[in-house]
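Colleague: A predicted structure for the sequence below; I have some questions about it.
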Amino acid sequence: MREELLMAPGPTQVPERARLAMAQTLCHHRTNQFSEVIRSCRAGLSEVFSSEEAPLLLTCSGTGAFEAAMVNFTRRGERVACVGGGKFGERWGEVGRAYGLDVVDVALEWGDALDPDRLDALLRDDPGCRVITISASETSTGVFHPMERIAEVSRSHGALLMVDGITAVGVHTLPMKEWGIDVMVCGSQKSFSLPPGMGFVAASERAWERADRSDHPRYYFDLRRERKKQAANQTAFTPAITIALGLEVVLEMMKEEGLGEVVARHGRHGDATRAAAEALGLELLAKSPSNATTAMLVPEGVSAPQVCKLLHSVYGVRIAGGQEHLKPRLLRFGHLGFISERDVLAGLAALERALIAAGHEAQRGAGVAAAQRLYDASR
Ligand SMILES: *Cc1c(COP(=O)(O)O)cnc(C)c1O
């Protein structure tokens, strides 16, 4: 099978160093050797999350981490404001409803970011609503919400803020402790550039106080038990050992590059890809764009699914299409994780050709040239 260039907003490319670490003979998880892996992963994650307390390692995809947060940090029937505006923001609401919460949908047009003043008004007018959920970087629309202000507003009302950082942590600056974000969930296969299989949950002391008061049924995701176990560098159940071995390596790679530079690099990829999209005459869906993925609309008459198909069949480049009603017109080009300028430029060159082959009128080379100029200017 030809090796493909994975430029989707998740799963993302796994760097070779991590792949090699994961190819090692499996070690047993009840050993000192593996306890040291847990310790170092949690220490590294604490820096990336800038969290009060080290994040917990869970064996599940990102959605499992949503569910873990919901059952531990809310109560049955509690009113929760779930910020929509895309598939993942809306998923918080679905999880909440599954557990009998009183979900207030904060509906947004797909492509729009939450206006913090709207949240302020909502919390002022509805004193019974003291929990907010949001997907910081909404991968289905390429939006990044104004998180610093959102955290400030939540704090000012004494509300608990639960954030999906699955394509935001390690992409944008999102310091949990400094901004007062109470809960942040993440997964292994997006900004951490690993295979799927591990979820992370970090929580503030304020959130932990709620864990004892929760009356939801919970067993596998009873985070009180995990917290105790992980404080002793153990896990309650068999963890995703292989992913942990890879995680240790990618955290080391982030440290070597410097966390500030990791975020800055994502900023350059985002800027370059947006410049390319504009030069190719594609409309950007997000007004407040995330540096994890660029969501671009093809004009009427061009089929986005056909562009994706050509990109993969002819060039071996995998991007993502749109979800739900955006399927016919949306392309999502991912640039998160350990992605280089070479990857972005190669992906854009192929995208340009696939667009033209699908009937889009654009000048050959225009997108790649715009991206190159952006990279040159940011040196
Ligand atoms: C991918 C993604 C999820 C869902 O994660 P799974 O690992 O597929 O369960 C949630 N939120 C965001 C923002 C995502 O990009």
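Modeller: Now that the structure is in, tell me what you want to look at. Numbering: from 1, shown residues only.
Colleague: interface residues of the stretch 51-200 of the chain facing the ligand?
Modeller: Taking Cβ under 6 Å from any ligand atom as the test, the list of the stretch 51-200 of the chain residues beside the ligand reads 61-63, 88, 135, 137, 139, 164, 166-167, 187, 190, 196. In short, each C-beta sits where N, CA and C put it, glycine included.
Colleague: Do a quick rundown of the strands in the stretch 151-300 of the chain.
Modeller: Here the stretch 151-300 of the chain has its strands, by DSSP state E, counting those that start in this stretch, at 160-164, 183-187, 199-203, 283-284, 293-297.
Colleague: ok, so of the residues of the stretch 51-200 of the chain next to the ligand, who is nearest residue 355?
Modeller: Taking Cβ to Cβ as the measure, residue 355 sits nearest to residue 139 out of these, at 21.8 Å.
Colleague: Hmm, residue 11 and the closest one touching each other?
Modeller: No. With contact defined as Cβ atoms under 8 Å, residue 139 does not count as touching residue 11 (11.8 Å).
Colleague: Adding mean pLDDT and distance to residue 232, write the strands of the stretch 151-300 of the chain out as CSV.
Modeller: Written out in CSV, the entries for these read as follows (pLDDT from 0 to 100; distance: least, Cβ to Cβ, whole Å):
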stretch, mean pLDDT, distance to residue 232
strand 160-164, 98, 26
strand 183-187, 98, 22
strand 199-203, 98, 18
strand 283-284, 98, 48
strand 293-297, 98, 38
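Colleague: got those as CSV, with mean neighbour count columns?
Modeller: Formatted as CSV, these follow (neighbours: other Cβ atoms under 10 Å):
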stretch, mean neighbour count
strand 160-164, 27
strand 183-187, 28
strand 199-203, 29
strand 283-284, 15
strand 293-297, 28
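Colleague: rewinding a little: quick one: which of residue 139 and residue 11 has more around it?
Modeller: Per other Cβ atoms under 10 Å, whichever of residue 139 and residue 11 has more neighbours is residue 139, with 29 against 18.
Colleague: quick one, what contacts the more buried one?
Modeller: Contacts were defined as Cβ atoms under 8 Å, 6 or more residues apart in numbering; by that measure residue 139 touches 9, 10, 86, 87, 88, 166, 167, 190, 290, 292, 293, 332.
Colleague: low-confidence ranges in the stretch 251-379 of the chain?
Modeller: Residues of the stretch 251-379 of the chain meeting the criterion pLDDT under 70: none.
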